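> any chance you can model this:
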Amino acid sequence: MSEYALSYVLTTYNKLPYLKQVVERLVAARQPDEEIVVADGGSKDGTPEYLQGLFDAGLIQQYVSERDKGEAHGFNKAMLRARGELLKLVTDDDAFSYAAIGEAKRFMLAHPEVDVLTGNTGLIHLEKLESATLYDDVAENFRRWLDHQEVVWMIGLPLIIRRSSLALTGLFHTGVVQVDTEFTYRITSLNVNLAWSTAMLSVRLENPQSNFRVMNQGRVADASTQESNRMRFYYDKRIGNSFRDFVHHKSGWVEQLKKPLRPVKRALFSALGRSQYAGNPQLPTGYVAGPVPLDDVARLPIAFAVADQLMADYNAAHPTEFLFKNSQLTKALS
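So this is what the prediction gives:
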């Protein structure tokens, strides 16, 4: 029997101002049957001393600070140290709804057949706090897996993994940057039992140090797309090595042909009054910028507060439901 019901597993590296915002909320939300496990990659910005202080005060239950080989390595170390039945991923620069996580925790404890749970995520840019994006395309991807067993990608921030299910899912791949993309492509290609929470469990706070932004600032501007495609071509067994598959999926020719036709299609649909996909929905956050521009450090606590309020408002307006692999839709446990 597990010592805890849930372990929060958090990785960090040289992001102390962000980390403090995340950990402050995490420590306040932690329940007696939960633990916090932190893997620091050997930060040089005061993070090890900060974590030692938290540990000495009994505010976190485990931590390690040593040089590692990236985010996946850090998460793997934390998951292997964890003593909880469930593992909740936490990143060092994003926001989480601990009320929604609590609902998901109770659901998974009541349904031991579920290996992994995920759910809705929002996106707020640190430089533009007035609006947020809801990742509707990820919800649609889950639906495609649920209904048609398609191999799909999903965002890692909401993930809760049953620790015993790691024997089926495997740990995170230490050879990729987009750890969550690889993991979700992998598990949707396997006989893994997934569930979806309609609550907004997390908000990605896009910032200058975000992995995605840093990855695409190198010599290859679309490095993230190229890495994602390599993963999809590997895990999606419907995509083979035939000439047709090369043309349709791998060459990029089809996309290049569609690109100039899209404005014409949008104009035609508009003239006919037909609905058309307009991208992920934009949500107002209610934030109003002051007359004096803020630097990133001053903006951080405001950004986290905006994200917290966004999740609370969204979840209050949308009662939580859980979507199962067997296509049942069940109301959340109260």
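
> hey, where'd the strands end up in the protein?
Counting by DSSP state E, the chain has strands at residues 4-12, 34-40, 62-65, 84-90, 95-96, 116-125, 128-134, 160-162, 194-206, 282-284, 321-323, 329-331.

> turn the ones you listed into CSV, columns for distance to residue 301, mean pLDDT and mean neighbour count.
From N, CA and C alone the C-beta is placed, and that goes for glycine too. CSV is the format used below for those (distance: least, CB to CB, whole Å; pLDDT from 0 to 100; neighbours: other CB atoms under 10 Å):
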stretch, distance to residue 301, mean pLDDT, mean neighbour count
strand 4-12, 18, 98, 24
strand 34-40, 20, 98, 25
strand 62-65, 23, 96, 18
strand 84-90, 18, 98, 23
strand 95-96, 11, 98, 26
strand 116-125, 14, 96, 24
strand 128-134, 11, 94, 18
strand 160-162, 27, 98, 23
strand 194-206, 12, 96, 24
strand 282-284, 20, 92, 13
strand 321-323, 32, 94, 18
strand 329-331, 35, 40, 10
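
> out of those strands, which gets nearest to residue 186?
strand 116-125 (10.8 Å; CB to CB).

> remind me what that closest one packs against, helices and strands.
Applying 3 or more CB pairs under 8 Å, 6 or more residues apart in numbering; DSSP states H and E, one finds that strand 116-125 contacts helix 98-110, strand 128-134, helix 136-148, strand 160-162, strand 194-206, helix 296-317.

> and it, how far from the chain's centre?
5 Å (CA atoms, centre = their mean, to the nearest Å).

> each with direction, which strands does that strand pair with?
The strands that strand 116-125 pairs with in its sheet are strand 128-134 (antiparallel), strand 160-162 (antiparallel), strand 194-206 (parallel) (by DSSP bridges).

> over to the nearest residue to residue 312 once chain neighbours are set aside: give its phi and psi.
Distance criterion CB to CB, 6 or more residues apart in numbering; nearest residue to residue 312, sequence neighbours excluded, is residue 97 at 7.2 Å. When read as degrees, to the nearest 10, the backbone of residue 97 gives phi -90, psi 100.

> i'd like the first residue to be 11 from this point on
I'll keep to 11 as the first residue from here, and by that count the last item is residue 107.

> gap between residue 233 and residue 186?
11 Å (CB to CB, to the nearest Å).

> about what we covered before: can you tell which of the strands paired with strand 126-135 is closest to residue 294?
With CB to CB as the measure, strand 138-144 is the member of the strands paired with strand 126-135 nearest residue 294 (5.9 Å).

> what's the closest one in contact with?
Applying CB atoms under 8 Å, 6 or more residues apart in numbering, the set of residues contacting strand 138-144 from outside is 130-134, 210, 213, 290-295, 297-299, 309, 312-313, 316-317, 320, 324.

> with stretch 317-325 instead?
35, 105, 107, 109-110, 130, 132, 134, 142, 144, 209-213, 215, 293, 295-296.

> list the buried residues of it.
Neighbour-count burial for stretch 317-325 flags 317, 318, 320, 321, 324, 325 (criterion: 16 or more other CB atoms under 10 Å).
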